[in-house]
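Visitor: Pasting the sequence and the predicted coordinates here, then a few questions.
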Amino acid sequence: RVEDSTVDGVYVWENSTASIDRSDVGTVRTAWAESGKTTINITDSTVDTIETSVVFEQPAGTAVIHVTSSTVEYAVYVHSNSTAWIENSSVAMVRATGNATVWLIESSVGQVSLEGNARVLLGWYLPLFGLVGVPYSLIPIMQAGSITAMVIGVAAVSYAVYLKKKQREEYGNDASPR
C-alpha cells in the first residue's frame with residue numbers, strides 16, 4: 001500500500017494486490033510467470049507509466065488494474081489477458097495487445113494503439129442501463145453520424161420555419177381587402 005508518497009516505481013508480482021492513493025509514482029508494473037493474478041488499484045494519483053507484462057512469454061495469468069480520478073502522464077500498456085479500468089482519469093496513451101481489454105469510463109485519452117484481439121471501450125454510466133461501452137474504433141463513425149444528424153436537423157427546422165413563414169405570407173395576402 002502506497003499513500004501520500006512520491007516513489008520511483010511500484011512493482012507487483014504474481015497473486016498480489018497493490019493500492020496507490022494520493023501519490024506520485026514513476027512506473028507501476030506487474031508481471032506473472034504462470035497463472036498468477038495481480039490487482040492494482042490507483043486512486044487520486046499521478047503516474048508516469050502503467051505496464052503489464054508476462055514473464056517467459058506465458059500469457060496464462062491476468063492483471064486487473066483500476067485507475068480512478070488520476071492522471072497517467074505517459075502511457076498505459078496492457079498485454080495478454082489483462083484488464084484495465086480507467087475511470088474519471090486522463091491518459092496520454094493506451095497500448096493494448098493480445099486479449100487485453102481497456103475500459104475508459106468518463107475519461108480522456110490522447111492516443112490509442114491496438115494489436116491482436118485487444119480492445120479499448122469508451123464507457124458511460126447511463127440511467128436505467130448502467131455501464132454502456134462503445135468500441136474506440138467506432139468513435140470516428142459516431143462523430144461523423146452525429147454531425148450529419150445535426151446538419152440534417154438544422155436543415156429540417158430551417159425548412160419548416162421557411163414553410164411556416166411562406167404560409168403566413170400567403171394567408172396574410174389573401175385576407176387583405178381588395
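Guide: Sure thing, it's come through. Residues are numbered from 1 along each chain as shown.
Visitor: Please count neighbours and contacts with C-alpha atoms only from this point.
Guide: Fine.
Visitor: If you rank every helix and strand of the chain by mean pLDDT, what lands last?
Guide: strand 130-135 (a mean of 73; mean pLDDT, DSSP states H and E).
Visitor: mind listing what that strand pairs with, with the direction of each?
Guide: Counting by DSSP bridges, the strands paired with strand 130-135 are strand 119-126 (antiparallel).
Visitor: what does the strand it pairs with rub up against?
Guide: The contact list for strand 119-126 (C-alpha atoms under 8 Å, 6 or more residues apart in numbering) reads 96, 99-106, 112, 114, 130-136.
Visitor: at 7 Å what do you get?
Guide: Contact partners of strand 119-126, identified using C-alpha atoms under 7 Å, 6 or more residues apart in numbering, comprise 96, 100-106, 131-136.
Visitor: pLDDT (mean, whole number) over that strand?
Guide: Per-residue pLDDT over strand 119-126 has a mean of 82.
Visitor: related to what we said a few turns ago, direction-wise, compare whatever helix or strand comes next after the least confident helix or strand of the chain with strand 119-126 and give the angle.
Guide: As assigned by DSSP states H and E, the chain's next helix or strand after strand 130-135 is helix 139-174. Going by axes from the mean of the first three to the mean of the last three C-alpha atoms, to 10 degrees, helix 139-174 is angled at 50 degrees with respect to strand 119-126.
Visitor: Quick check: buried residues in helix 139-174?
Guide: By neighbour count with 16 or more other C-alpha atoms under 10 Å, helix 139-174 contains no buried residues.
Visitor: Now do the contacts for Ser82.
Guide: Ser82 makes contact with 62-64, 100-101, according to C-alpha under 7 Å, 6+ apart.
Visitor: For those residues, give me a markdown table that also has distance to Arg29 and pLDDT.
Guide: Output for these, formatted as a markdown table (distance: C-alpha to C-alpha, whole Å; pLDDT from 0 to 100):
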| residue | distance to Arg29 | pLDDT |
| --- | --- | --- |
| Thr62 | 13 | 81 |
| Ala63 | 10 | 85 |
| Val64 | 12 | 90 |
| Ala100 | 15 | 89 |
| Thr101 | 17 | 91 |
